[in-house]
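Peer 1: Pasted the sequence and its predicted model underneath.
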Amino acid sequence: MQDQLNALKLEAEQAIVQAADVVVLNELEVKFLGRKGELTSLLKGLAGVSAEDRPKLGALANEIKLSLERAVALRREGFEQEALSKLAESERVDVTEPGKAPLQGHIHIVSQAIDEITDIFSKIGFTRTRNPEVDWDWYAFESLNMPGDHPARDEWETFFMDAPVSKKGKMVLTPHTSNAQAHELERGEFPVRMINIGKCYRRQIDVTHVPMFHQFEGLCVDKNISISHLRGVLDYFAREFFGPDRKTRLRPFHFRFTEPSFEIDISCGVCGGTGIGADKQKCRVCKRGWLELGGAGMVHPNVLKASGVDPNVYSGFAFGWGVERTYMMKEGMKLDDIRTLYKNDLRFLQQF
Ligand code: DAH
């Protein structure tokens, strides 16, 4: 029995040392030291041993058990250390390595332009207002001296809402930001110095039109406001937004809501207003030295009257331009397709 015990010890010790991993080690533990393991079954034989040999053999068996248990514990610890150092190696952090900057978005170019326009006008006392983008016909047309049957309305390619009609007419998606004029005037607080920047909607889509675009609308109404104020504001804006060398000019035009009316042109930044490009050909951006910015004029007396303002006491000027257009003129940028602005193509957007 003593030999058997010693042989078992030897075999078990070798196996434990050679165990390839924890799984094998666990199996060995069960095999030799488990409740139904080899040591236990050997010990069952103690019953048949003489009474005087029994304590000696019992002590030996106990010693072997403890020694094997230690061997298993030691080997297990070894495996744990090994696993930890492998982990430490694979999860190693090099604190001196340069960081990876997370991808960062930025404000869309149209929003950038809106912020800039807002800032420029706020410096001369124009407050940005917000007005409904779904509004009554009254604000979009009627109050602007465009009665229901007037053909001028055709130019605005309007989206009408499928909604009940009120005293103020049908509901429309605002086709221009001029709807803000009556909203401001009917409050009856003067002076009015507003800059309304908002979305406009028209039933048009092609390379130069998108059905949703932005305009900014200026309105200044007070006593004794004249064309020279309009000119002053236009020149100020042109210098601030486009740069000190740019000039504006007024071209007579016609709008129902202004009298007199103008179209505002700005000298082209690419050819410096000459209309001739660096290659001695016609300038590819403007072709004639000037770019058309948008409309302006002195507020028509009928517009003032429609909102209960006395045109004999008050006068004013207004202007309304497209944000997208104005921004492109600033950059000297010729977008072959304006729809690109709203296509969410990062290759395009990340350039700005
Ligand atoms: N609302 C006009 C349009 O969308 C632009 C405009 C022209 C606005 C003249 C004005 C203005 O305030 O005075 O075409």
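Peer 2: Cool, got the structure.
Peer 1: Am I right that Phe262 is in contact with Arg251?
Peer 2: Yes. With contact defined as CB atoms under 8 Å, Phe262 reaches Arg251; the gap is 6.0 Å. From N, CA and C alone the C-beta is placed, and that goes for glycine too.
Peer 1: Three-state assignment for Leu74, please.
Peer 2: With DSSP: H, G, I helix; E, B strand; the rest coil as the basis, Leu74 sits in helix.
Peer 1: Which residues are in contact with it?
Peer 2: The contact partners of Leu74, by CB atoms under 8 Å, 6 or more residues apart in numbering, come to none.
Peer 1: so how far is Gln81 from it?
Peer 2: Distance, Leu74 to Gln81, by CB to CB, to the nearest Å: 11 Å.
Peer 1: for Leu144, same thing?
Peer 2: Separation of Leu144 from Gln81 (CB to CB): 84 Å.
Peer 1: who has more neighbours, those two?
Peer 2: Shown here are Leu144 and Gln81; by other CB atoms under 10 Å, Leu144 has more neighbours (25 against 10).
Peer 1: and the closest residue to that one other than its chain neighbours, how many neighbours?
Peer 2: Leaving aside its chain neighbours, Leu144 sits nearest to Phe257 (4.1 Å; criterion: CB to CB, 6 or more residues apart in numbering). As a burial measure, Phe257 scores 24 neighbours (other CB under 10 Å).
Peer 1: Who are the contact partners of whatever residue of the stretch 151-300 of the chain ends up closest to the ligand?
Peer 2: Of all residues in the stretch 151-300 of the chain, Gly295 sits closest to the ligand, at 2.5 Å by CB to the nearest ligand atom. When contacts are counted by CB under 8 Å, 6+ apart, Gly295 touches Phe253, Phe255, Thr258, Ser261, Phe262, Glu263, Ile264, Phe319, Gly320, Trp321.
Peer 1: same deal with His183?
Peer 2: His183 is in contact with Thr129, Asn131, Pro132, Tyr139, counting by CB under 8 Å, 6+ apart.
Peer 1: among those residues, which are in helices?
Peer 2: Members of the contacts of His183 lying in helices (criterion: DSSP state H): Tyr139.
Peer 1: Pick the one among the contacts of His183 closest to the ligand.
Peer 2: Tyr139 (12.0 Å).
Peer 1: can you map out the strands along the protein?
Peer 2: 127-129, 134-136, 171-173, 192-201, 212-222, 248-255, 258-267, 290-299, 315-322 (DSSP state E).
Peer 1: how far away is Ala7 from Met1?
Peer 2: 11 Å.
Peer 1: more neighbours, those two?
Peer 2: The residue with more neighbours, out of Ala7 and Met1, is Met1; 17 against 11, by other CB under 10 Å.
Peer 1: picking that back up, and Phe262 and Arg251? which has more neighbours close in?
Peer 2: The neighbour count for Phe262 versus Arg251, taken as other CB under 10 Å, is higher for Phe262 (25 against 11).
Peer 1: for the more buried one, what are its contacts?
Peer 2: Phe262 is in contact with Leu250, Arg251, Pro252, Phe253, Gly295, Ala296, Gly297, counting by CB under 8 Å, 6+ apart.
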